[in-house]
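Enquirer: Structure, please.
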Amino acid sequence: QVQLVESGGGLVQAGGSLRLSCAASGSIFRVNAMGWYRQAPGKSRELVAVITSGGSTNYADSVKGRFTISRDNAKNTVYLQMNSLKPEDTAVYYCNAQVAVTILRREGFWGQGTQVTVSS
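Expert: Okay, the predicted model is just below:
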């Protein structure tokens with residue numbers, strides 16, 4: 001089994017910054033793409049940013065220029081640096097990892113979610 005443990009959420013004023021972390025552990029052969037998603041009340045979950053094992057990144061248009069995703073492959077950890085936060089960034093943020101649990105089998109895993117609240 002694979003566990004994703006997130007940390008770093010909280011309450012911040014508009015214009016402030018937060019850094020989220022997500023560490024994968026357990027039965028891991030290799031961690032492939034890792035990403036962050038978010039879900040605001042009454043809305044569906046949406047992609048925020050994703051990063052491949054090689055470091056290629058992709059961002060939602062709404063966060064480009066403000067958020068930066070990075071990872072430490074040695075630690076199986078992904079980070080999300082969030083700057084210039086806006087009230088509309090308020091959501092539960094979820095980490096996702098695409099994991100090769102064996103050389104032949106791949107699965108997707110989710111973290112438990114961490115609340116980010118941006119006050120105006």
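Enquirer: Assign the most far-flung residue of the chain relative to its centre to helix, strand or coil.
Expert: When distances are taken from the C-alpha mean of the chain, Leu104 lies farthest, 25.2 Å away, according to Cα atoms, centre = their mean. Under DSSP: H, G, I helix; E, B strand; the rest coil, Leu104 falls in the coil class.
Enquirer: quick one: it from Phe29, how far?
Expert: 9 Å (Cβ to Cβ, to the nearest Å). For every residue, glycine as well, the C-beta is placed using N, CA and C.
Enquirer: so where does the most centrally placed residue in the chain fall, helix or strand?
Expert: The central residue of the chain, meaning the one whose C-alpha is nearest the mean C-alpha position (Cα atoms, centre = their mean), is Trp36 at 2.6 Å. Trp36 is part of strand 30-39, with elements assigned from DSSP states H and E.
Enquirer: tell me the average confidence for that strand?
Expert: For strand 30-39, the mean per-residue pLDDT is 96.
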